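>>> sharing a model that was predicted from the sequence below.
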Amino acid sequence: MAQFVVLPPLSRIESLFIKITNCKFVEEAVWKTWKSQPEEEYAWLYEYIRPSHQKLLIETIIGTQPNPCSLLRQLLRPYNYRIERMAYGWILKYGQKSTSPTPVSVRTGVMVWSEEDAK
């Protein structure tokens, strides 16, 4: 949350989400494309994002970001929402992402860290 002076209201973020995804702001909402928006739709965010963290906002406005996904992720993170990429589009999720255990293989033998250890 260090990027924010004050958190933007979730209601305004929801409104922006609806405009750029053409989806309702509900958990598990799925969309395939992003709708471009004029600068005025993003300009209200300047007062909430610290000047040192406005790179994503500026790049989204001028069009150097491929889509507003990164900016929207930044805005939604403090509210425990996240956007995940799927093979056929994006999905809005709520809550912490579950972490699956990483498979570890066990091998027998001696691990050599340096030449001195090998002696």
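It's in. Numbering: from 1, shown residues only.

>>> and residue 55, its phi and psi?
Phi and psi for residue 55, reported as degrees, to the nearest 10, are phi -60, psi -50.

>>> over to residue 4?
Here is the backbone geometry of residue 4 (degrees, to the nearest 10): phi -110, psi 140.

>>> list the contacts for it?
48-50, 53, 78 (Cβ atoms under 8 Å, 6 or more residues apart in numbering). All C-beta spots, glycine's among them, are computed from the backbone N, C-alpha and C.

>>> most surrounded residue in those residues?
Neighbour counts for the contacts of residue 4 peak at residue 49, which has 21 neighbours (criterion: other Cβ atoms under 10 Å).

>>> find the residue at the geometric middle of the protein.
residue 73 (2.9 Å; Cα atoms, centre = their mean).

>>> just the contacts of residue 4 now: which is nearest residue 61?
If you rank the contacts of residue 4 by distance to residue 61 using Cβ to Cβ, residue 49 comes first, at 11.8 Å.

>>> look up phi and psi at that closest one.
Dihedral angles (degrees, to the nearest 10) for residue 49: phi -100, psi 130.

>>> let me know whether it touches residue 57 as I believe.
Yes: here residue 49 reaches residue 57: they are 5.7 Å apart, a contact under Cβ atoms under 8 Å.

>>> which pLDDT value belongs to the closest residue to residue 6 other than its chain neighbours?
Nearest residue to residue 6, sequence neighbours excluded (Cβ to Cβ, 6 or more residues apart in numbering): residue 48, at 5.9 Å. With respect to pLDDT, residue 48 scores 96.

>>> got the contact list for residue 48?
The contact partners of residue 48, by Cβ under 8 Å, 6+ apart, come to 4-8.

>>> this structure: helices as residue ranges?
For the chain, the helices defined by DSSP state H occupy 10-21, 40-43, 55-62, 69-76, 115-118.

>>> could I get those as a markdown table with distance to residue 88 and mean pLDDT?
Formatted as a markdown table, these follow (distance: least, Cβ to Cβ, whole Å; pLDDT from 0 to 100):
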| stretch | distance to residue 88 | mean pLDDT |
| --- | --- | --- |
| helix 10-21 | 14 | 97 |
| helix 40-43 | 26 | 95 |
| helix 55-62 | 23 | 95 |
| helix 69-76 | 15 | 96 |
| helix 115-118 | 50 | 58 |
